[in-house]
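*Asks:* Turn this into a structure:
(chains A and B)
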Amino acid sequence: MIPLFISALDSALRQPAGIAPFLISFVAPANGEMAPVATPFFFYLLSGLAVAGGLLVITRHNPVHCALALIVTLIAVAHLYLMLYAPFVAGVQIIVYAGGIMVLFLFVIMLVNIERASKDRRFNRIWPVGLAAACALMGLFVSAFVKSRALFPDRMIKLPEASNTQEIATALYGEAGRMGQYTFAFEIASLLLLVAILGAVIMTKKRI
Amino acid sequence: MLNEFMSYLGSNVTPGGANNQLWALIYVLIIFAGVSVAVMAMNWFERKALAHFQIRLGPMRVGPHGLLQPIADALKLMLKEDIIPQEADQFVFWIAPVIGLLAAFTVYTVIPFGPSQAVSDMNIGILFMLGVSSLGVLGIVVAGWASNSHYPLIGALRSSAQMVSYEIAMGLAVVSAILMTSFNASGTGTLSMIGIVRSQQQQGIWFIFKFFPLGLVAFVNFVVAMIAETNRAPFDMAEAESELTAGYHTEYSGLRWSLFMLSEYAAMIAVSSIAVTLWLGGWLRPFPNLLHAPGWDFVFSLFPGLTFLGLAAIAFIGVARMPAHFSFKIQRIGLAAFAAILGFIALLLLLIAVAGRSSSSDTSIAARFREGIDYVYWFVLKVALFMYLFIWLRATWPRYRFDQLMRIGWKVLLPITLGVLVLTAIVGVIVS
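*Replies:* Numbering: from 1, shown residues only, chains lettered A, B, ... in the order given. The predicted structure is shown next:
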């Protein structure tokens, strides 16, 4: 079932074509050529999954169940990236978050005393603060989107799906003989991560 | 429906690339059935091979030479009582084997059995494979936790630590192979599984031999990491029966347990396919560029038929060596029938090879069919060699200790793969 779904999504990303009534693209084909095909059906399915997973994360009492729900959310978001013509980001999302970080999460959770954690009250007195913070964040996103409409394209950018990874590589490392636009930022970020790893090792290890 | 069915025939791209849902579904079903049968065959062959390694006979009772043993096992597992421990976390206990199975089978979407014999050719093919197969560890971790018992929990912790550690070495080895795809005229590599094999064809060399010994070292590292990744001996700490009874699936029984077995073997085939695609030229037959003539094409296209002929011959020898006692009569007839089926398949394949022997530019149905069989045959043959390697290692090596395992992963494999990656980049820049 899942492979079929993925292949359907994958091929839906390449061409519109009338696959089935519910797969009709919501953006009209531009100039008749390759049209964006983020279909409403998949979009609502994946968004619904992501939201449901997110709700489960904060409502379940058992931390392991929360982690599993978070994995569902992360995978649904990865598929949303796929619909946004960003297969590379989608793949990295699955490898790094769903496959790597969440396994470590579970690893730690399993060692924690779950009996006590599940008896704790879930929504204690700080929930109004959390709600306010969530609303503020939401407002920030909405205002950023409305204020700077020019930044966001009106329609989907027609990036060729087949060369997405190559485009990212060019942006990060640049063409041959020329530095990429984000090379410096990228290297700085990796250095930051290295420092964080070293810090964690030094803090946990008594004798080096 | 019929139109969708017919329009894909003779196509040069995958069903995913041709945007053909029907054929994608057909391919998915074929692969699912094929992998399930391969797992059953592997089950029988592993038991037989292990037995012969240890100078035993292995299964001999169910069917001639135990050939029906996997079917008997499957029946037994389906009929067994399905126990969920009272103290277990019911839902998670139920879903854990399903997670493992889904992860193991989803990766087959991008495995290229041939240039058009894959469900879909994704731009991020190898990334997708690594990502989804890394989800398989979730099934193991969650199974061990949900059982709410000591041995499974320890097994799950061991296995997750092991898989997370070896994923890094594995990923680095894969990156050095992907780097090799970029040493062409355009200077851009590819992550697509089909693209990786194509670039090996263009460069005229399997990546295992490229920049000798760099490709070979990366390949060997990958093989070690992949054995650890699939929890197979000598790295099967997660299910070390002498220490943890059965590790993470101690509390599982019946069908659920068999789902774990199925996903383990499916994952083994999947990682072997990665190794074959990245280093051993995927569907390419030996010397596709050097011996490129219709005559050589014909010679190599005889191999599938000859392989089945050889298997049929082995089966016939088995018939001849069967004891003459009357109680072996039914077994004898059964084995003879099996041999006859194998021989019939061999004849069919040879017939197709002969019928489609004209030049490769020919687009007749027989020629296309022969081509497809060739691609799938060479790919499956290489994967089968890996399957044998898995059994061979299991029979040969004693189990590692957990600290030794971690030491190999972090202090041996990781530095070597990192060094190979850097050296590959340097050599590539110098050469090109």
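
*Asks:* just for the stretch 301-432 of chain B, where's the confidence low?
*Replies:* Low-confidence regions of the stretch 301-432 of chain B, defined here as pLDDT under 70, cover residues B:358-363.

*Asks:* so who does B:V107 touch?
*Replies:* For B:V107, the contacting residues are B:128-129, B:132-133, B:270, by CB atoms under 8 Å, 6 or more residues apart in numbering or on different chains. Yep, even glycine has a C-beta here, placed from its N, CA and C like the rest.

*Asks:* can you do 7 Å?
*Replies:* Taking CB atoms under 7 Å, 6 or more residues apart in numbering or on different chains as the contact definition, B:V107 lies against B:129, B:132-133, B:270.

*Asks:* Repeat that for B:F222.
*Replies:* Contact partners of B:F222, counting by CB under 7 Å, 6+ apart, are B:170, B:173-174, B:275.

*Asks:* And stretch B:326-339, what's buried?
*Replies:* Buried residues in stretch B:326-339, defined by neighbour count with 16 or more other CB atoms under 10 Å in any protein chain shown: B:331-332, B:334-336, B:338-339.

*Asks:* Any idea which residue of chain A lies closest to chain B?
*Replies:* A:G99 (3.1 Å; CB to the nearest CB).

*Asks:* Report the mean confidence score over stretch A:99-107.
*Replies:* Average pLDDT, stretch A:99-107: 82.

*Asks:* which element is B:A270 on?
*Replies:* Using DSSP states H and E, B:A270 falls within helix B:254-279.

*Asks:* picking up where we left off before, and the contacts of B:V107 near chain A, which?
*Replies:* Intersecting those with the surroundings of chain A, defined as CB under 7 Å from any CB of the partner chain, gives B:V132.

*Asks:* Out of the contacts of B:V107, flag the one nearest to chain A.
*Replies:* Taking CB to the nearest CB as the measure, B:V132 is the one of the contacts of B:V107 closest to chain A, at 6.7 Å.

*Asks:* picking that back up, can you give me how far the helix holding B:A270 is from the chain middle?
*Replies:* Distance of helix B:254-279 from the chain centroid (CA atoms, centre = their mean, to the nearest Å) equals 6 Å.

*Asks:* Which other helices and strands does whatever helix or strand comes next after it contact?
*Replies:* Next helix or strand after helix B:254-279 toward the C-terminus (DSSP H and E): helix B:294-301. In terms of contacts (3 or more CB pairs under 7 Å, 6 or more residues apart in numbering or on different chains; DSSP states H and E), helix B:294-301 is packed against helix B:365-396.

*Asks:* picking that back up, what's the helix holding B:A270 packed up against?
*Replies:* Secondary structure elements in contact with helix B:254-279, counted by 3+ CB pairs under 7 Å, 6+ apart, are helix B:21-53, helix B:69-79, helix B:90-106, helix B:125-146, helix B:150-180, helix B:193-203, helix B:214-229, helix B:365-396.

*Asks:* what's the most buried one of those helices?
*Replies:* Comparing these on average neighbours per residue, with mean count of other CB atoms under 10 Å in any protein chain shown, the densest one is helix B:125-146 at a mean of 26.

*Asks:* ok so, going back, out of everything not next to it in sequence, what's closest to the residue of chain A closest to chain B?
*Replies:* Nearest residue to A:G99 in three dimensions, chain neighbours excluded: B:S134, at 3.1 Å (CB to CB, 6 or more residues apart in numbering or on different chains).

*Asks:* Which parts of chain B belong to which domain?
*Replies:* B:18-79, B:88-284+B:401-432, B:295-381 (automatic domain parsing).

*Asks:* pLDDT (mean, whole number) over stretch B:216-229?
*Replies:* Summarised as a single mean, pLDDT over stretch B:216-229 is 91.

*Asks:* Could you check how far that stretch is from the centre of its chain?
*Replies:* The chain centre lies 14 Å from the centre of stretch B:216-229; the measure is CA atoms, centre = their mean.

*Asks:* Quick check: which of the domains of chain B is nearest to A:K205?
*Replies:* For these, the distance to A:K205 is smallest for domain B:88-284+B:401-432, at 14.2 Å, taking CB to CB.

*Asks:* Report the separation between the two terminal residues of the closest one.
*Replies:* Terminal residues of domain B:88-284+B:401-432 lie 59 Å apart, using CA to CA, to the nearest Å.

*Asks:* Okay, and A:L46 sits in which element?
*Replies:* Here A:L46 is covered by helix A:40-59, with elements defined by DSSP H and E.

*Asks:* Isn't B:L135 up against A:M102?
*Replies:* No - the pair B:L135 and A:M102 does not pass the contact test of CB atoms under 7 Å, sitting 9.0 Å apart.

*Asks:* What about B:V429, how many residues nearby?
*Replies:* Applying the criterion other CB atoms under 10 Å in any protein chain shown, we find 9 residues in the vicinity of B:V429.

*Asks:* for the one 3 residues further on, same thing?
*Replies:* Around B:S432 there are 10 other residues, counting by other CB under 10 Å.

*Asks:* now swap in B:L348 and tell me
*Replies:* The criterion is other CB under 10 Å. On that basis, B:L348 has 14 neighbouring residues.

*Asks:* For it, grab phi and psi.
*Replies:* Note on B:L348: its backbone torsions stand at phi -60, psi -50 [degrees, to the nearest 10].

*Asks:* how far away is it from chain A?
*Replies:* Using CB to the nearest CB, to the nearest Å, we find B:L348 at a distance of 29 Å from chain A.
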